[in-house]
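Asker: from the sequence below, what's the structure:
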Amino acid sequence: MQSAPQRLSFNRARRLLAWVATFLLCGEIAAFAQILGMNLGPDAGFSQVDFAQIYLDTQTKQVKRIEQLKAQDKARVDAGVISALDLEAPNNAVEEFNRASTLLKAQNSKEAMKHLQKAIGDYPKFVSAHIGLGLAYVDQEDPVHAKSEFEEAAKLDAKFPGSFRHLGQLALSLNDFPTAESALEKAAALTPKDVRVLTVLAYAQNGTQQYEQVLQTAQRVHALDHKGMANVHYIAAAAAIALKDFETMEHELSFFLAEDPTNALAPVARQNLAALIHNKEVLAEVATHARSATTVSVSQPLKTFPNSDLLKAQLNTLGDESDAGTCQNCGVLAEAVSPSTIGATGAASNAPSSSASRVGGVWTIRKSVDDVALFFSVSSHGHMVNDLEASNIQIRDDNKPPEKVVQFAPQSKLPLRLALLVDVSGSVHDRFSFEKGAATKFVQKVLSNPSDLGFIAGFATEPTVTQDFSSNPVALGNGIDKLANGGGTALFDAVTFACRKLAEYPEDERVARVVVILSDGEDNSSHSSLKQSVQVAERSGVTIYTVSTKEGRGDKTDADKVLEVLAERTGGESMFPGDLHTLGSSLDKLRELIRSRYFIAYKPADFRPNGSYRTITVIAEKNGKRLQVRSRKGYHARLETTPN
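Answerer: From the prediction side, this is the model:
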């Protein structure tokens with residue numbers, strides 16, 4: 001008779017052998033038991049069936065999982081997210097690509113290029129790596145190598161739309177509209193429901209004067225879910241006016257304003273829509289009098305559109321050939337479609353628009369004006385100097401005196417265009433209410449002239465306009481009160497948005513464009529880079545002032561440096577109050593800074609439209625004493641491109 005310990009040991013052995021048997025096929029289970037002389041009992045057959053079913057179920061699940069992964073990969077390839085060739089990339093190449101992607105997101109394109117080149121070295125057919133390398137070259141302002149990488153990606157996989165999309169956007173940034181149109185048509189053929197590709201295609205078609213195709217492309221976009229792509233209607237309106245189809249133009253402008261009423265181009269669109277309605281009323285009045293056979297002089301004139309054939313003929317008659325060779329209807333659309341065009345188009349001048357460069361302020365065709373407009377402030381031992389004359393100022397542009405000073409004036413004589421950007425992200429939650437109160441007082445004080453205008457926008461992951469352009473301090477205060485807290489922080493995107501919106505507001509005279517930012521300087525959600533946002537500000541003639549909302553005066557952080565760069569590169573100033581109670585006095589000082597600036601416009605000597613960076617030095621002296629000057633340090637000359 002077996003003892004209890006012996007029975008326990010034997011039972012454990014049986015359980016162990018049964019566990020091992022689960023990994024064997026059904027036929028092997030019985031053989032294994034016979035060898036050991038074990039009796040599995042009357043239920044052994046059912047156990048075999050159960051073990052076999054478990055094994056088959058596991059195999060079936062694995063097969064289904066593999067099929068699901070294959071289906072997901074196919075869906076991604078069909079959707080144009082990745083190239084089919086990328087699925088064959090070895091692990092080491094994928095790891096290098098992932099490292100590069102992280103670096104590109106952190107805007108470290110130089111380091112990213114090293115990993116992308118390694119990924120391509122390990123797997124030359126890595127389409128996404130070629131595209132990533134091309135984007136890194138774009139960030140390094142090397143369009144030649146960028147184009148080469150995009151073309152190589154397109155050659156490797158002619159069915160992947162991303163290569164053609166990036167080729168098209170790169171061509172647009174160089175104003176090469178025919179090349180852009182060809183590449184974007186290929187991308188659109190591969191992804192016919194991609195509204196972003198179609199919208200940029202419409203812009204390229206407008207550049208090649210294919211106006212009927214523009215309207216057709218806009219209709220395709222409108223039939224799809226195209227949130228965020230309202231600009232396609234603005235492009236279509238520009239095409240419609242070229243075709244003298246004013247009814248379509250009215251419809252497209254109405255769509256545009258309904259879908260994106262706070263767009264930077266919305267004020268121009270409203271002006272044109274109002275002009276259309278006015279003209280219809282005047283023509284209806286003329287028709288009524290014609291039917292009654294009464295000779296009447298209609299006192300209200302028809303409003304005109306500056307890029308119409310009629311006005312172009314009038315300008316040519318006057319000998320104004322400054323628009324020769326300019327793309328018809330490109331005007332204000334040039335920087336409105338794709339962020340990729342920013343920083344690469346090359347501005348002719350950083351000057352705010354004037355009546356000389358805007359004809360009526362509606363449907364503008366921008367001229368190549370090589371005047372430089374500069375705002376600067378002058379102080380002595382911390383006190384603003386407000387009584388300087390032109391003789392007290394010396395300018396050095398590219399180390400040379402200007403060829404001619406066109407205008408000099410205190411900024412207080414110019415209308416102010418103010419954008420107040422308030423950080424509403426989660427990082428400023430605890431001090432948000434106090435900041436809104438201080439901002440309201442600032443806006444009410446700084447917009448002191450009837451001709452001044454400002455708008456209010458909060459930004460988290462994206463900017464939101466809570467009060468559009470207005471001179472009403474109560475309305476602007478209400479806009480600040482509407483700001484809601486929460487979300488990530490996309491500071492650079494907000495700066496880019498505000499500069500475009502200020503630059504596109506229709507003006508009949510020179511104005512002072514200023515962006516004031518209330519933020520801690522942190523950015524974690526932007527698509528634009530710091531460099532790009534600074535470039536947009538420089539080319540829009542915008543001065544940026546930053547007021548830090550962080551508390552404490554510890555060591556300088558990267559976020560602090562971001563605020564300093566945005567201000568100093570554009571001729572503004574950064575302030576770090578350090579606590580909420582000092583914030584109000586800092587904003588009071590800022591109001592004085594903005595209102596005490598000077599404005600000078602001049603023609604630079606030996607100017608060449610080659611896209612090069614030209615330094616600016618401003619020297620101010622009075623009574624033999626050198627004064628402290630704050631201005632931007634330079635600008636990029638406009639880039640004169642030659643069509644292929």
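Asker: residue ranges of the helices in the stretch 401-550 of the chain, please?
Answerer: If DSSP state H, counting those that start in this stretch is used as the criterion, the helices of the stretch 401-550 of the chain fall at 432-446, 473-481, 491-503, 530-539.
Asker: so which of those helices is the most packed in?
Answerer: Most buried of those, by mean neighbour count (mean count of other CB atoms under 10 Å): helix 491-503, with a mean of 26. Every C-beta, even on glycine, is put in place using the N, C-alpha and C of the backbone.
Asker: that one vs helix 530-539, what angle?
Answerer: Counting by axes from the mean of the first three to the mean of the last three CA atoms, to 10 degrees, helix 491-503 lies at 10 degrees to helix 530-539.
Asker: make TSV out of the helices of the stretch 401-550 of the chain and add distance to residue 233 and mean pLDDT.
Answerer: TSV is the format used below for these (distance: least, CB to CB, whole Å; pLDDT from 0 to 100):
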stretch	distance to residue 233	mean pLDDT
helix 432-446	31	85
helix 473-481	25	93
helix 491-503	17	93
helix 530-539	23	87
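Asker: relative to residue 116, which of the ones you listed is closest?
Answerer: For the helices of the stretch 401-550 of the chain, proximity to residue 116 was assessed by CB to CB; helix 530-539 is nearest, at 19.5 Å.
Asker: thinking again about what came up before, could I get the helices of the stretch 401-550 of the chain as CSV with distance to residue 85?
Answerer: As requested, the helices of the stretch 401-550 of the chain are exported to CSV (distance: least, CB to CB, whole Å):
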stretch, distance to residue 85
helix 432-446, 49
helix 473-481, 51
helix 491-503, 33
helix 530-539, 31
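Asker: and these: which comes nearest residue 271?
Answerer: Proximity to residue 271 (CB to CB) singles out helix 491-503 among those, at 15.1 Å.
Asker: can you list the residues that contact the closest one?
Answerer: Defining contact as CB atoms under 8 Å, 6 or more residues apart in numbering, one finds that helix 491-503 is touched by 262-264, 335-336, 339, 342, 353, 417, 419, 421, 423, 455, 457, 459, 462-463, 513, 515, 517, 519, 521-523, 525-530, 532-533, 536-537, 540-542, 544, 562, 566.
Asker: between the helices of the stretch 401-550 of the chain, which gets nearest to residue 231?
Answerer: Closest of those to residue 231 is helix 491-503, at 11.2 Å (criterion: CB to CB).
Asker: which residues touch the closest residue to residue 167 other than its chain neighbours?
Answerer: Of all residues not flanking residue 167 in the chain, residue 183 sits nearest, at 4.0 Å (CB to CB, 6 or more residues apart in numbering). Residues in contact with residue 183 (CB under 8 Å, 6+ apart) are 164-165, 167-168, 171.
Asker: ok, 10 Å please
Answerer: Residue 183 makes contact with 150-151, 154, 161, 163-172, 176, 200-201, 204, according to CB atoms under 10 Å, 6 or more residues apart in numbering.
Asker: ok, the residue nearest to residue 564 when sequence neighbours are not counted - contacts?
Answerer: Excluding its sequence neighbours, the residue lying closest to residue 564 (CB to CB, 6+ apart) is residue 574, at 4.6 Å. Residue 574 makes contacts with 517, 521, 544-548, 560-568, as judged by CB under 10 Å, 6+ apart.
Asker: do residue 199 as well
Answerer: Applying CB under 10 Å, 6+ apart to residue 199 gives the contacts 184, 217-218, 220-221, 226, 228-233, 235, 337-338.
Asker: the residue lying closest to residue 419 once chain neighbours are set aside and residue 531, how far apart?
Answerer: In space, residue 419 comes closest to residue 498 once its chain neighbours are excluded; the distance is 4.0 Å by CB to CB, 6+ apart. For residue 498, the distance to residue 531 (CB to CB, to the nearest Å) stands at 17 Å.
Asker: what do you get for residue 138?
Answerer: Using CB to CB, residue 138 is found at 12 Å from residue 531.
Asker: all the strands of the stretch 501-644 of the chain, in order from the start?
Answerer: With DSSP state E, counting those that start in this stretch as the criterion, the stretch 501-644 of the chain has strands at 512-519, 542-548, 574-575, 598-603, 613-622, 625-630, 634-636.
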